[in-house]
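Visitor: After the sequence you'll find the predicted model.
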Amino acid sequence: MQVRSLLLLLALILVAAAAEAGKNKKEKTKKDGSKCEDWRWGPCVPNSKDCGLGYREGTCKDETRKLKCKIPCNWKKKFGADCKYKFESWGGCSAQTGLKTRSGILKKALYNAQCEETVYVTKPCSSKIKSKSKGQ
């Protein structure tokens with residue numbers, strides 16, 4: 001009977017320790033208690049080259065913070081990584097320029113980024129002729 005009581009006491013101690021550890025983990029993930037609400041965030045600056053992991057610096061009154069960020073390596077440099085656009089389908093190929101065009105309308109501007117409302121992109125026309133499916 002004493003062994004059973006000892007095991008029960010040990011189990012209760014382990015459960016209490018696990019609950020305390022979970023509580024401490026939650027406290028660490030909370031914000032650091034800044035009362036400032038008017039944060040101004042700069043662009044994401046990659047650690048090396050022009051894409052990948054980096055940081056974004058923010059200021060509010062006399063406080064400064066850095067956040068980790070990531071610039072995808074396929075982003076449109078012309079628009080900035082913080083401007084998200086909804087693009088329409090590609091238009092037809094222009095015989096004069098050899099380019100096709102499409103436009104995008106601003107969907108979301110992250111971190112108060114200055115973004116254009118509408119953007120236009122072009123790409124060279126494909127020289128390949130798309131064939132019908134093999135079944136036809």
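Guide: Yep, it's here. Residues are numbered from 1 along each chain as shown.

Visitor: what's the helix or strand for Ala18?
Guide: Using DSSP states H and E, Ala18 sits within helix 2-29.

Visitor: what's the next secondary structure element after that helix?
Guide: Scanning forward in sequence from helix 2-29 by DSSP H and E, the next helix or strand is strand 40-41.

Visitor: can you list the residues that contact the helix or strand following that following strand?
Guide: Later in the chain than strand 40-41, the nearest helix or strand by DSSP H and E is strand 45-46. For strand 45-46, the surrounding residues in contact (Cβ atoms under 8 Å, 6 or more residues apart in numbering) are Gly52, Leu53, Gly54, Tyr55, Arg56, Glu57, Ile71. All C-beta spots, glycine's among them, are computed from the backbone N, C-alpha and C.

Visitor: got it, and stretch 115-130?
Guide: For stretch 115-130, the external contacting residues (Cβ under 8 Å, 6+ apart) are 76, 78-80, 82-83, 85, 87, 90, 93-94, 97-106, 109.

Visitor: Off-centre distance for it?
Guide: On the basis of Cα atoms, centre = their mean, to the nearest Å, stretch 115-130 is displaced by 24 Å from the centre of the chain it belongs to.

Visitor: Same check on stretch 56-74?
Guide: Counting by Cα atoms, centre = their mean, stretch 56-74 is centred 12 Å from the centre of its parent chain.

Visitor: List the buried residues for that stretch?
Guide: Buried residues in stretch 56-74, defined by neighbour count with 16 or more other Cβ atoms under 10 Å: Arg56, Gly58, Cys69, Ile71.
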